[in-house]
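K.L.:
The sequence and its predicted three-dimensional model are supplied below.
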Amino acid sequence: MKTVGIYVPSYKRYDSIKTDKILNECTYVVRESEAELYRTAGVRKILVAPDREIDSLPKIRQWIIDNTPEDIVIQIDDDIERFSYVNKINMEEITDPDIVDSELLRIAQILSDLNLGFASIRMQESVVKYNEEFRFFSTIGLVCWFNKAGLKSRYDENVRFKADTDFQLSELLTNRIIIVPEYLRAKAQYDKNSGGNNVHKNSQSMRETIEYLKNKWGRYYEHNYRTNQSKVKVRR
């Protein structure tokens, strides 16, 4: 039997707890300097790490993979407000945490069965972006599944922003495939909330990250500065 754990990386959002309220159970991963603030805010389960070891998104993602006991870890952003089912014509909010759990475990089981390393969902909740029940590449984030037995990549600490896109490209080119469940979406205030990965984000730092990714991945990655959208270009 494979074990599964659900973890929520969080920074400077102890005063706006969201994800903890829509799941039956999860563990917040926080910096040592903020642990008491999260406890006072009522977070039910907390895993504490030294500040310097998890002071960026790629570092905390990798730290969770390396320092947790479960075979498969699910990492969920700390500003998730709801989960939904979507198809080509409508969207339905999932209000029962038991159903959310079953869907999270369903994707974990698929990764395990196929011996793949990585799964994630689209950033947009809108039905306009729906194509099919499952895709195998996309612009992803918000919820990430990591099957430790199948992973072939590690997070690059040089990619402070767009770390999930970088990791996705690594898995696509080394593991050949990732899983993107199109039917499952989440609502979050992406790039709008204070705290989290937004603390050090500005136009200059984003441009530096994008240029780093373009140099690193060449023809497999492109970014449209006009629309501020990145595109992963790996043909299968």
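P.N.:
Yep, it's here. Residues are numbered from 1 along each chain as shown.

K.L.:
wait, doesn't Ile178 sit right on Phe134?
P.N.:
No - applying CB atoms under 8 Å, one finds Ile178 not in contact with Phe134, separated by 10.4 Å. Any C-beta I mention is one placed from the backbone N, CA and C, and that applies to glycine too.

K.L.:
Look at these two and report which has more neighbours.
P.N.:
Comparing Ile178 with Phe134 by neighbour count (other CB atoms under 10 Å), the higher total belongs to Ile178, at 26 against 14.

K.L.:
can you count the residues close to the closest residue to Asn90 other than its chain neighbours?
P.N.:
Sequence neighbours aside, Val127 is the residue nearest to Asn90 in space, at 6.4 Å (criterion: CB to CB, 6 or more residues apart in numbering). Neighbours of Val127 under the rule other CB under 10 Å: 14.

K.L.:
hang on, isn't Val127 packed against Lys88?
P.N.:
Yes - here Val127 reaches Lys88: they are 6.6 Å apart, a contact under CB under 8 Å.

K.L.:
Okay, and Val180 sits in which element?
P.N.:
strand 180-181 (DSSP states H and E).

K.L.:
Show the average pLDDT along that strand.
P.N.:
Averaging pLDDT along strand 180-181 yields 92.

K.L.:
Next secondary structure after that strand?
P.N.:
Downstream of strand 180-181 (by DSSP H and E), the next one is strand 184-188.

K.L.:
partner strands of that next one, parallel or antiparallel?
P.N.:
Sheet partners assigned to strand 184-188 using DSSP bridges are listed as strand 80-86 (antiparallel).
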